[in-house]
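[1] Pasting the sequence and the predicted model now:
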Amino acid sequence: MTKVGQPRVKIAEIIAIDGPVAVGKSTVGKMAARRMGYRFVDTGTMYRALTWKALQQKIPLNDEAALGRMSAETRFELVTSADNPGQNGILADGQDISREIRSAPVEKNVSLVSKVPEVRHSLVNHQRRLAEDGRLVMAGRDIGTVVLPEADLKIFLVASPQERARRRYQELITGGEKATYENVLSELQSRDQMDITRQVSPLKPAPDAYVLDTEGLSAEQVVDRICSLATSGSPNK
Ligand code: DC
């Protein structure tokens, strides 16, 4: 029985959003966070920042020990980028590299850096600290499974590779980049393959995640669904 004055539903304070490349995690994650009055953390920016730094410092991407040391030493600050307001920006060691982390060399190599166990270890610790104050939406590949297995609400977004490639292609063309749909699709499929088959924290839904098929849905519709799950008091556990 509910006592007078006692809230009847528990609103999700920590929301994990996972899913494959270009499924819209950061777009809907940001919108959902704004609606709920929560912070938004896009963990992909951290893996991208380390990839950019490794390329700058010419660290061989198969030197796992050096990549691990670099990740432990790097200071991150997550920011909203003025350059690219649709994305979450990032400062690494005080330098704003929000634009650089979206460049083709980073896109091409980020899966290699993100499969290194030492890199994942230090970034996961960092991400857990970011979640300590609660009231946040965190997006990535392993948030519900590894980073925040105790999250109140876990969402796993899906859409076909063709739909995701179409969305990413549109984004690139609108942003004035040169791209072909075929190239976008084939890069996306090879990144999917690496994310799914890597040894450490492969991309997969947590057993208690809500799998949300976004095919044919607008971002607003996906956000409506996430926010209604978050406020309906039907948490994951
Ligand atoms: O979401 P994104 O495309 O910005 O992510 C960039 C890369 O980082 C992607 O290839 C997978 C990796 N990543 C990861 O392994 N774990 C996360 N929590 C977030 C991203």
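    That came through, no problem. Numbers count the residues shown, from 1 in each chain.

[2] What residues does the residue nearest the centre of the chain make contact with?
    Centroid-nearest residue in the chain, with CA atoms, centre = their mean: G140, separated by 2.7 Å. Residues near G140 by CB atoms under 8 Å, 6 or more residues apart in numbering: A16, I17, D18, K25, D42, T43, G44, Q127, V147. C-betas here are computed from N, CA, C, even on glycine.

[3] Give me the spatial nearest neighbour of I14, chain neighbours excluded.
    Nearest residue to I14 in three dimensions, chain neighbours excluded: A151, at 4.6 Å (CB to CB, 6 or more residues apart in numbering).

[4] so when I look at the one you found, I'm seeing a strand, right?
    No: in this structure, A151 is coil, not part of a strand, as judged by DSSP: H, G, I helix; E, B strand; the rest coil.

[5] ok, back up a step: list only buried entries from the contacts of G140.
    Applying 16 or more other CB atoms under 10 Å to the contacts of G140, the neighbour count classes A16, I17, D18, K25, D42, T43, G44, Q127, V147 as buried.

[6] Leaving aside the residues adjacent along the chain, what's closest to the fourth one?
    Read that as K25. What sits nearest to K25 in space, not counting adjacent residues and going by CB to CB, 6+ apart, is A139, at 4.1 Å.

[7] Now do the strands for the chain: every range, in order, please.
    Using DSSP state E, the strands assigned to the chain run over residues 14-18, 39-42, 76-80, 88-92, 95-96, 136-140, 153-158, 210-213.

[8] which ones are touching N125?
    If you count contacts by CB under 8 Å, 6+ apart, N125 has none.

[9] In the lengthiest helix in the chain, which residues are buried?
    Counting residues, the longest helix found in the chain (DSSP state H) is helix 181-197. Neighbour counts over helix 181-197 (16+ other CB under 10 Å) mark V184, L185, E187, L188, R191, D192, M194, D195 as buried.

[10] so does it get close to the ligand?
    Yes: shown here: helix 181-197 in contact with the ligand (CB under 6 Å from any ligand atom) through R191, D195.

[11] which residues sit against that helix?
    With CB under 8 Å, 6+ apart as the criterion, helix 181-197 contacts 20-22, 107-108, 111-112, 114-115, 141, 161-162, 164-166, 168-169, 172, 202-204.

[12] sorry, back to before: could you dump the strands of the chain into CSV and include mean pLDDT?
    Output for these, formatted as CSV (pLDDT from 0 to 100):
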stretch, mean pLDDT
strand 14-18, 97
strand 39-42, 93
strand 76-80, 83
strand 88-92, 87
strand 95-96, 92
strand 136-140, 95
strand 153-158, 97
strand 210-213, 96
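
[13] which residues touch the residue nearest to K25?
    I17, D18, K25, S26, G29, F40, V41, D42, T43, G44.

[14] Which residues does stretch 31-48 contact?
    15, 17, 25-26, 29-30, 76, 78, 87-90, 98, 101-102, 106, 110, 113-114, 119, 123, 126-127, 130-131, 135-141, 143, 147, 219-220, 223, 226-227, 230.

[15] Just the buried residues of the lowest-mean-pLDDT helix or strand in the chain, please?
    One helix or strand of the chain scores below all others by mean pLDDT, DSSP states H and E: strand 76-80, with a mean of 83. For strand 76-80, burial by neighbour count (16+ other CB under 10 Å) applies to F76, L78.

[16] Given that strand, what are its sheet partners and their directions?
    strand 88-92 (antiparallel) (DSSP bridges).

[17] Put the alpha carbons of the strand it pairs with into CSV.
    Provided in CSV are the C-alpha atoms of strand 88-92 (Å, rounded to 0.1, in the frame of the first residue of the first chain):
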residue,chain,number,x,y,z
ASN,A,88,29.1,16.6,-27.7
GLY,A,89,32.5,18.3,-27.7
ILE,A,90,35.6,17.4,-25.7
LEU,A,91,38.8,19.0,-24.4
ALA,A,92,41.8,16.6,-24.0
